[in-house]
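*Asks:* sequence first, predicted coordinates after that:
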Amino acid sequence: QGCQWENGLFQEKIVTFFARKLRFQEKRRKQLLQSRLLPCRLPQRANPAMQSFSRNDTIRPNKNAPLPGFPVREKEANHMSMNTVPERLAALRAAMAANGVAVYLIPVGDPHASEYLPCHYTSLTWFSGFHGENSNFVVTRTESALWADGRYFVQAEKEIAGTEIKLQRMGEPGVPTVEEYCAKVVPQGGKLGLCGLTASCALVNSVKKALETKNAAIQTLFLEDELWTEGRPALPATPAWILPKEYAGFSPAEKLGQLRAKLAELGCTAQLVGKLDNLAWLLNLRAMDIECTPYAMAYCYVTPDRAVLFIHTARVTPEAKAELEANGVTLAEYDSVLDVMAAETEPQTVLADPASVNFAVYETLQNNAALTVKDEADPLLPMKGVKNEVELAHTREAHIRDGVAMVRFQIELENRLAAGEELTELTIDEILHKYRSAQDKFLTESFGTIAAYGPNAAMMHYHATEEDHAKLEKKGFLLVDSGATY
């Protein structure tokens, strides 16, 4: 058993694992392709208030159909058909030409450097058809290339088959990095376009350095937003609430004081916090904008005497708003962050972590004469890593609660198997959810339960589906990888 305390909410991970080399069967490879297995795919639950859309909601047989529960934006005038990857690439190239850029870079990312993305920000998938993580997609006027790591070589080959896209196998001999490729294909004195909100400052800086040999420039554009309008999932806006001090150990005001003291040690007077896990810890802010992850899409600008939370204000509960205001936090609309920071007149030395701050924010800070940007690692990461006594006490309690659920699960599983009942991999998640959700402190699973029987347990990214799953027997091995958030 292993455990993890994340942002004041406990996530426990129970893992039964066996290591055994088994050959991948063609049937299982087809299943991997069909279900596009990314983490955290949960069956529908009866408690919609605690659910956000699935990390897999864009992974469905009809990729052009709107996602369930999301409004479809009206079709714009003269909107060309973009039902296939070739059509979407043609539209992208037309937009590139209209904006004078020769190369366009689309990374896997959102404005907050999140590991798992809200469906609104799966632009790389929409343009390329590839559903993996840790990827970049580069389009020129005549060719396109996709970078995937070793986990996704087979999947990527199948998903881009029949298109012009060339797979770049990251880490393989002779394969260029995305920076090297961009420097090769951009013309002398040309321009490379990208969305500054979804590209990290670190990525843009490395590409910018590579382009110096061609005297090429980077231009911030929003072509994804301009082209992907029909059927695109809305930005997540689940109810935002505040974790009480009885669970967090410190109030938002106390944590803001700790951050201001740390900033002073680093020679800074301000920070624009954009990483969602750090923001969740700083303000005890919770929501379910990313499934299985209790975060709210937001920024917070902290100075010696101010704290401004940029969030869709309509989704903040009255109780949360009152609690934030009592702790010295004012609210502003999420989409106003760039305009507000550009108009800031109070001189500040602003800490910015290039690894997590998106390029649009970083560029806005740099272009404001009143602000001096200082590149430093985000101090909130180690700050939230040191647990206080309250957090430690609740960690122990969460262990007990989840341990009870796990024992009850195992008893029921063994009894039903002994009685000769026909059970499948899907049954595992049903039983686990039943006992976990019976706990009064339960919020949601911390990731989609992985139950893999026999050869299935040897497959990366395996997840049982209604269409393809294994029946359990009284012999062999069963892998159960699951967790909960309390």
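*Replies:* Yes, it's here.
*Asks:* show me where pLDDT drops low in this protein?
*Replies:* Scanning the chain with the threshold set as pLDDT under 70 gives 1-82.
*Asks:* can you tell me which helices and strands the longest helix belonging to it packs against?
*Replies:* Identified as the longest helix of the chain according to DSSP state H is helix 389-418. Packing partners of helix 389-418 (3 or more CB pairs under 8 Å, 6 or more residues apart in numbering; DSSP states H and E): strand 2-6, strand 9-16, helix 245-248, helix 425-437, strand 478-485. The C-beta positions use only the backbone N, C-alpha and C, and glycine is treated the same way.
*Asks:* quick one: the shortest one to chain centroid distance?
*Replies:* What it means is helix 245-248. 26 Å (CA atoms, centre = their mean, to the nearest Å).
*Asks:* do stretch 416-433 as well
*Replies:* 31 Å.
*Asks:* now that stretch: buried residues?
*Replies:* 417, 423, 425, 427-429, 431-433 (16 or more other CB atoms under 10 Å).
*Asks:* element containing the residue nearest the centre of the chain, please.
*Replies:* Centroid-nearest residue in the chain, with CA atoms, centre = their mean: Y116, separated by 2.1 Å. Of the helices and strands defined by DSSP states H and E, none includes Y116.
*Asks:* how close does it sit to I450?
*Replies:* For Y116, the distance to I450 (CB to CB, to the nearest Å) stands at 15 Å.
*Asks:* before we move on, the earlier item: the buried residues of stretch 416-433: which two are farthest apart?
*Replies:* Spanning the widest gap among the buried residues of stretch 416-433 are L417 and H433, at 18.7 Å by CB to CB.
*Asks:* now for the helix or strand containing R88, which elements pack on it?
*Replies:* Using DSSP H and E, R88 maps to helix 85-99. On a contact count with 3+ CB pairs under 8 Å, 6+ apart, helix 85-99 meets strand 103-107, helix 123-128, strand 136-140, helix 223-227.
*Asks:* which residues sit against the longest one?
*Replies:* So that's helix 123-128. For helix 123-128, contacts defined as CB atoms under 8 Å, 6 or more residues apart in numbering pick out 58, 63, 85, 88-89, 92, 106-108, 130-131, 135-137, 139, 144, 146, 159-160, 163, 165, 195, 198, 224, 228, 232.
*Asks:* if we can go back for a sec, what distance do you get for the residue nearest to the centre of the chain to A270?
*Replies:* For Y116, the distance to A270 (CB to CB) stands at 29 Å.
*Asks:* and L426, by the same measure?
*Replies:* To A270, L426 is 50 Å away according to CB to CB.
*Asks:* follow-up on the earlier one: show me what the helix holding R88 is in contact with.
*Replies:* With CB under 8 Å, 6+ apart as the test, helix 85-99 has contacts from 80-82, 102-104, 126-129, 139, 141, 144, 160, 163-165, 193, 219, 221, 223, 226-227.
*Asks:* compute the inter-axis angle for that helix and strand 136-140.
*Replies:* Here helix 85-99 points in a direction 60 degrees away from that of strand 136-140 (axes from the mean of the first three to the mean of the last three CA atoms, to 10 degrees).
*Asks:* residue furthest from the geometric center of the chain?
*Replies:* Farthest-from-centroid check, the chain (CA atoms, centre = their mean): A419, 42.1 Å.
*Asks:* so what's that one up against?
*Replies:* For A419, no residue meets the contact criterion (CB under 8 Å, 6+ apart).
*Asks:* can you check T313 too?
*Replies:* 321, 331-333.
*Asks:* let's see 7 Å
*Replies:* T313 makes contacts with 331, 333, as judged by CB atoms under 7 Å, 6 or more residues apart in numbering.
*Asks:* quick check: the gap between it and A240.
*Replies:* T313 sits 9 Å away from A240 when distances are taken as CB to CB.
*Asks:* what's around Q219, how many residues?
*Replies:* A count of nearby residues for Q219, using other CB atoms under 10 Å, gives 14.
*Asks:* Three-state assignment for it, please.
*Replies:* strand (DSSP: H, G, I helix; E, B strand; the rest coil).
*Asks:* is it in contact with Y104, as I believe?
*Replies:* No - here Q219 does not reach Y104: they are 9.6 Å apart, not a contact under CB atoms under 7 Å.
*Asks:* overlap in contacts, those two.
*Replies:* Jointly contacting Q219 and Y104 under the rule CB under 7 Å, 6+ apart are G193.
*Asks:* related to what we said a few turns ago, show me which residues of the helix holding R88 are buried.
*Replies:* By 16+ other CB under 10 Å, the buried positions in helix 85-99 come out as 85, 88-89, 91-93, 95-96.
*Asks:* one more: stretch 432-443?
*Replies:* Going by neighbour count (16+ other CB under 10 Å), the buried part of stretch 432-443 is 432-433, 435-437, 439, 442-443.
*Asks:* between those, which is closest to G150?
*Replies:* Proximity of the buried residues of stretch 432-443 to G150 (CB to CB) peaks at L432, which lies at 30.4 Å.
*Asks:* am I right that that closest one is in contact with F409?
*Replies:* Yes - counting by CB under 7 Å, L432 touches F409, with 5.2 Å between them.
*Asks:* find the residues that touch each one of these two.
*Replies:* Common neighbours of L432 and F409, using CB under 7 Å, 6+ apart, do not exist here.
*Asks:* which residues does the nearest residue to H112 once chain neighbours are set aside contact?
*Replies:* Distance criterion CB to CB, 6 or more residues apart in numbering; nearest residue to H112, sequence neighbours excluded, is L276 at 4.8 Å. Contacts for L276 (CB under 7 Å, 6+ apart) come out as 112, 114, 295.
*Asks:* what's the burial count for N83?
*Replies:* Residues near N83, counting by other CB under 10 Å: 11.
*Asks:* may I have the secondary structure class of it?
*Replies:* Classification of N83 using three-state DSSP returns coil.
*Asks:* quick one, helices of the stretch 251-400 of the chain?
*Replies:* Along the stretch 251-400 of the chain, counting by DSSP state H, counting those that start in this stretch, helices occupy 252-265, 276-283, 318-326, 337-342, 359-367, 380-385, 389-418.
*Asks:* any idea which of these gets closest to I290?
*Replies:* Across the helices of the stretch 251-400 of the chain, closest to I290 is helix 276-283 (CB to CB), at 7.7 Å.
*Asks:* understood, closing this out.
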